[in-house]
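Novice: Quick one, fold the following:
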Amino acid sequence: MLTTFQKLNLKDQKQILVLNAPQSFEGELATLTDVEIKRNLDEVTEIDFGPGVCHQNSGD
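Specialist: Model prediction:
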């Protein structure tokens with residue numbers, strides 16, 4: 001089975017931006033090697049690759 005990042009076509013990106021990810025996504029992020037994870041838009045100056053993944057809160 002493909003991982004989330006394989007489905008998103010993550011290849012040789014060295015940095016990714018992750019905003020407002022649910023706690024349940026931390027396991028997926030932990031599988032990444034040699035990738036710097038940015039969690040704040042102020043930490044990046046450009047975005048080369050940006051697939052969007054939306055998470056809907058069930059309590060909203």
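
Novice: contacting residues for Gln15?
Specialist: 35-38, 44 (Cβ atoms under 8 Å, 6 or more residues apart in numbering). The C-beta positions use only the backbone N, C-alpha and C, and glycine is treated the same way.

Novice: mind running it again at 6 Å?
Specialist: Gln15 makes contact with 36, 38, according to Cβ atoms under 6 Å, 6 or more residues apart in numbering.

Novice: Can you give me the pLDDT of it?
Specialist: Gln15 carries a pLDDT score of 89 in this model.

Novice: got it, and Ile37?
Specialist: 91.

Novice: Could you do Asp12 as well?
Specialist: At Asp12, the model reports a pLDDT of 87.

Novice: So Leu29: helix, strand or coil?
Specialist: Three-state assignment for Leu29 (DSSP: H, G, I helix; E, B strand; the rest coil): helix.

Novice: burial count for Leu32?
Specialist: Leu32: 14 surrounding residues under other Cβ atoms under 10 Å.

Novice: got a list of contacts for the worst-scoring helix or strand of the chain on mean pLDDT?
Specialist: Sorting the helices and strands of the chain by mean pLDDT, DSSP states H and E puts helix 4-7 at the bottom, at a mean of 86. For helix 4-7, contacts defined as Cβ under 6 Å, 6+ apart pick out Glu28.
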